[in-house]
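Asker: Got a predicted structure here, sequence first:
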Amino acid sequence: MLILAPQKQPITQSISGQGCRCHTVYSMPMNATVERFLQYLRYERNLSWRTVVTYRGNLVQWEEYMTVAGRPLDVISVTAADIRQWLVSRSAQGDGPATLRLKLQALRSLYRYLLRCGEVAVNPAAQVELAKLPKPLPKFVRDKTVDAVLDADLDQDDFAQVRDRLVVMLFYETGIRLSELIGLQDVAVDVDKRELKVRGKRDKDRIVPFGDELAQSITRYRLLRAAVPVECGNLLVTAKGRPLYPSLVYHVVHDSLARAGATGKLSPHVLRHTFASVMLNGGAQLNSVKELLGHESLAATQVYTHVTLSELQHNYELAHPRALKKGG
């Protein structure tokens, strides 16, 4: 039997993040067992508030369906057929395959937890299978496009311009996640050693090296930041000294790449994909890229090998005179 920590605050409707506040539309009180599971995710598994609220939203929908179906939610008596019917109803309401998979995953996690606690004998959600989703290759930005962003004219005395350039450079040259960049502490960035300490998913720390150009950009930014009334220990701040927030960072990346002529999805995560592709194309070992990205398994990193092979084939077809020649 799993021994839980003392009761923490309920997983409520709203969550606060660094520089943002997010709200859900769910107000229904949770089943006590489900609420305890959410507490486990947040305080034992140490998952983020955003992730836990996503789980909560899916489980609230499930609880509402089971209640409407004619009986209050009894977690222990739920069958695989109940879960299939719920997913069919969600599909009829417009939920796509990826969304349905997330909902099923929430139930599988709940019942795995209950199995560990000895409260159920089987996991009914594990008996439900969904069609496998196609795995699209990660999107990335061409090297010349990023070069155009980083080599563009810049007012070295303008705080916002210098900071925004640094944001793009950090994503492209270190491959860190959006949440990692926002939470990056000033003391964790050592320009002398050319390395930064990143706190990744589940509060796991890793060291990421960087080059001279990024070190110079950080130093220049810090000089300008000295005139800003900083209210936190973050490396990157707004003009008012507060931590950056996701929408601001997204617009910085999107607008910077768009001005350089890039099209399609232009997000911080695309720059993370670009970093991984550039490293592998440059000869970095797959396991080294895995460590730099903070992936838990090599499988998560291997998808980038398909990107590099796809790019290699594209370049071959463009360069070789007979690559696209049709047979006679």
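Answerer: Happy to help now that I have it.
Asker: ok, now which ones touch the residue nearest to Leu170 when sequence neighbours are not counted?
Answerer: The shortest distance from Leu170 to any residue other than its chain neighbours is 5.9 Å, reached at Leu181 (CB to CB, 6 or more residues apart in numbering). Placement of C-beta: from N, CA and C, glycine included. Contacts here follow CB atoms under 8 Å, 6 or more residues apart in numbering; on that basis Leu181 touches 167, 170-171, 236, 244, 249, 268.
Asker: pretty sure Leu181 belongs to a helix, no?
Answerer: Yes: the assignment for Leu181 (DSSP: H, G, I helix; E, B strand; the rest coil) places it in a helix.
Asker: before we move on, back to that, make a ChimeraX selection of whichever of the contacts of Leu181 turn out to be buried.
Answerer: Here is the ChimeraX command that selects the buried residues among these (16 or more other CB atoms under 10 Å):
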select :167,170,171,236,244,249,268
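Asker: Just the closest of the contacts of Leu181 to Leu280, please.
Answerer: Phe171 (16.8 Å; CB to CB).
Asker: Tell me the secondary structure of the closest one, please.
Answerer: helix.
Asker: isn't it right up against Arg272?
Answerer: Yes: Phe171 lies in contact with Arg272 (CB atoms under 8 Å); the separation is 6.2 Å.
Asker: Low-confidence regions, this protein specifically.
Answerer: Scanning the chain for pLDDT under 70 picks out the ranges 1-30, 69-71, 134-137, 306-328.
Asker: The same query, at a cut-off of 80, please.
Answerer: 1-30, 68-73, 131-138, 303-328 (pLDDT under 80).
Asker: Not counting sequence-adjacent ones, nearest residue to the spatially most central residue of it?
Answerer: What sits nearest the mean C-alpha location of the chain, by CA atoms, centre = their mean, is Arg177, with 6.5 Å. Closest residue to Arg177 apart from its sequence neighbours, by CB to CB, 6+ apart: Arg272 at 6.4 Å.
Asker: Check Leu102 too.
Answerer: Spatial nearest neighbour of Leu102, excluding adjacent residues (CB to CB, 6+ apart): Asn58 at 6.5 Å.
Asker: Report the contact partners of Ser179.
Answerer: Ser179 neighbours (CB under 8 Å, 6+ apart): 48, 246.
Asker: what do you get if the cut-off is 10 Å, keeping everything else the same?
Answerer: The contact partners of Ser179, taken as CB atoms under 10 Å, 6 or more residues apart in numbering, are 17-18, 48, 50, 198-201, 246, 249, 268.
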